[in-house]
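1. Sharing a model prediction with you, sequence too.
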Amino acid sequence: MPETDTSYHRITATRPPPPTGCPIDHDFTPLSEEFLRDPYTELDQRRESMPIFFAEDLGYLVLTRMEDITEVFLNPEVFGSDNVQDPVFPIGEAAQAVLAAPDFNPIAVMSNRQPPDHGRIRNYTKAGFSNRRIKSLEPYVRRRAQQLAEEMLAGGPPADFVKTFAHPLPGETIFRFIGFPETDDEQLKMWCSDRLAFSWGRPSSGEQVEIAEKMLAYWRYCREFVATKHTEPGDDFTSELLAAHDADNDELTYREVESIVYGLSFAGHEIVSHLLSNSLLCLLPRSGSWNELCADPSLIPNALEEVLRFESPQTSWRRVANADTTIGGVEIPAGTNIFLSLAAANHQPDHFDDPTTFDIHRDDARNHISFGKGIHFCLGARLARFEATIMLEVLTERIPSLRLVEGQDLSRFPNITFRGPKELLVTWGE
């Protein structure tokens, strides 16, 4: 894979030095066990005492205040997004050799594509996330959610909610959206399972190779799938993209269609899985809130916004300075990598009253920044909310006695951006 500025993953990016005059934090790391267990206490302290600092371990300038993060999101010309899929930490030669295969050549298309190409491509992908397309998925998602709930009940308590419900539902939903056949679901889940560790974690050299091999296999599958859909279109997102390409192949290239399909499965799977699990982590220990949802499902949408604020499945995002600039009084040279702490902003006291309290009736819960802002606002936000709403509707109706198993020690995936439990034990009944 010859690496270019528009490569989907740039694995040989260099680390610029810290900005002159900026505080340097030698200890901050989102990968510590303490931070993974509770990032909010540490982020709250830093936001109040040192809201902008350079994290030596990450090699990133860290922003913790809502106003600074919003300014970055709303200025894409100065703060580029082309680093968001790049590995945070160095990738070894063995994994690089796997990804050097001449046919591994996905290109940046959405989250990591700069304007003006980003806007051109987004117009086509946004059309695919239409109300009609999402509405057409509702019978499948509701039926599958009900099946998963029944299977969980049939297996008897306790059950691992991640394995039995939170992981399969979003994966299978995004696969149906893309148009992948159901017969390939298990293989696809295996190929897509470790991407967060590759780009946002610190995997060992052996883990890097294993993930790289899955990425290569999945890319080859996507290319074959797109080629098949080109000759045998259906009622799915991929076929819509290919129709747009055929109508004007200069406006949407064939490689861009392949790359959109390649990137979408991860964005629509792992993150939504964490949202489903985090919803139960917030609601079930607060039996009053859970009982309110069971009695009145109309409260579910706002409750989910509070989950997204209080315990977001995405706690950070990244940008890079395209030019010399200043933010929050700190001079930032071009090339500086920037870590946007969404979790810190979502718990900021002057933006949310009593931010450490989870409140499903919070009037301004939707003012969170978990889906970003501006031209890169998450395209899948509507689909994620839709899936989480159906999940809660099904569970509150079918298993109102659902609760967490007491005393379990939650373990989360070690990465800098996505937050959710590896396992979540639930039980039910009297």
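-> Thanks, I have it.
2. Could you list the low-pLDDT ranges of the chain?
-> Scanning the chain for pLDDT under 70 picks out 1-5, 12-13.
3. Name the residue closest to the centre of it, please.
-> With distances taken as Cα atoms, centre = their mean, the chain has residue 271 as the residue nearest its mean C-alpha position (3.9 Å).
4. centre of the chain versus the helix or strand where that residue lies, how much separation?
-> Per DSSP states H and E, residue 271 falls inside helix 270-283. Relative to its parent chain, helix 270-283 has a centroid offset of 12 Å by Cα atoms, centre = their mean, to the nearest Å.
5. Could you name the helices and strands sitting against that helix?
-> Applying 3 or more Cβ pairs under 8 Å, 6 or more residues apart in numbering; DSSP states H and E, one finds that helix 270-283 contacts helix 161, helix 168-178, helix 287-295, helix 300-310, helix 381-398. For the C-beta atoms, the positions are set from N, CA and C on the backbone; glycine is no exception.
6. What lies in contact with the first one?
-> By that I understand helix 161. Here helix 161 makes contact (Cβ atoms under 8 Å, 6 or more residues apart in numbering) with 152, 276-277, 280, 424-426.
7. again, but for the last one
-> The contact list for helix 381-398, computed with Cβ under 8 Å, 6+ apart, reads 129, 134, 137-138, 141-142, 145-146, 149-150, 153, 165, 169-170, 173-174, 177, 268, 271-272, 275-276, 279, 283, 290, 293-294, 297, 300-301, 303-304, 307, 371, 378, 402.
8. elements contacting the longest helix along the chain?
-> In the chain, assigned by DSSP state H, the helix with the most residues is helix 205-231. Helix 205-231 sits against helix 93-99, helix 185-192, helix 195-200, helix 237-247, helix 254-267, with contacts defined as 3+ Cβ pairs under 8 Å, 6+ apart.
9. still on that earlier bit, may I have the residues that are in contact with the residue nearest to the centre of the chain?
-> 313-314, 380, 384, 418.
10. try residue 226
-> Applying Cβ under 8 Å, 6+ apart, the residues near residue 226 are 238, 242, 254, 257-258, 261.
11. Show me which of the residues you listed are buried.
-> 238, 242, 254, 257-258, 261 (16 or more other Cβ atoms under 10 Å).
12. one step back: and the contacts of helix 161, which two are the farthest apart?
-> By the measure Cβ to Cβ, 276 and 425 form the most distant pair in these, at 14.8 Å.
13. Tell me the one of the contacts of residue 271 nearest residue 106?
-> Proximity of the contacts of residue 271 to residue 106 (Cβ to Cβ) peaks at residue 380, which lies at 18.2 Å.
14. Could you check how many residues crowd around the nearest residue to the closest one once chain neighbours are set aside?
-> For residue 380, ignoring the flanking residues on the chain, the nearest one in space by Cβ to Cβ, 6 or more residues apart in numbering is residue 268 at 5.4 Å. Residue 268: 23 surrounding residues under other Cβ atoms under 10 Å.
15. wait, what's in contact with residue 268?
-> Contacts of residue 268 by Cβ under 8 Å, 6+ apart are 170, 173-174, 177, 380, 383-384.
16. What is the nearest of the residues you listed to residue 187?
-> Nearest to residue 187 among the contacts of residue 268: residue 174, at 14.7 Å, using Cβ to Cβ.
17. ok, that closest one to residue 234 distance?
-> Separation of residue 174 from residue 234 (Cβ to Cβ, to the nearest Å): 16 Å.
18. Now do the strands in the stretch 1-150 of the chain.
-> Along the stretch 1-150 of the chain, counting by DSSP state E, counting those that start in this stretch, strands occupy 24-25, 52-55, 60-63, 79-80.
19. In JSON lines, list the ones you listed along with distance to residue 101.
-> Below are those laid out as JSON lines (distance: least, Cβ to Cβ, whole Å):
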{"stretch": "strand 24-25", "distance to residue 101": "38"}
{"stretch": "strand 52-55", "distance to residue 101": "33"}
{"stretch": "strand 60-63", "distance to residue 101": "30"}
{"stretch": "strand 79-80", "distance to residue 101": "27"}
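20. returning to what we had before: now, of the helices and strands packed on helix 270-283, which is deepest in the fold?
-> Mean neighbour counts were compared across the helices and strands packed on helix 270-283 using mean count of other Cβ atoms under 10 Å; the top stretch is helix 161, at a mean of 25.
21. Quick check on the closest residue to residue 287 other than its chain neighbours: phi, psi?
-> Excluding its sequence neighbours, the residue lying closest to residue 287 (Cβ to Cβ, 6+ apart) is residue 403, at 7.4 Å. Backbone geometry at residue 403, expressed as degrees, to the nearest 10, gives phi -160, psi 160.
22. I'd like the distance between residue 345 and residue 272.
-> To residue 272, residue 345 is 21 Å away according to Cβ to Cβ.
23. ok, now residue 258?
-> For residue 258 relative to residue 272 (Cβ to Cβ), the value is 23 Å.
24. tell me the contacts of residue 129?
-> 379-380, 382-383.
25. will you turn those residues into TSV that also has distance to residue 89?
-> Formatted as TSV, the contacts of residue 129 follow (distance: Cβ to Cβ, whole Å):
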residue	distance to residue 89
379	27
380	26
382	33
383	30
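26. Nearest to residue 35, out of the residues you listed: which one, please.
-> Scanning the contacts of residue 129 for proximity to residue 35, where the rule is Cβ to Cβ, the winner is residue 380, at 26.3 Å.
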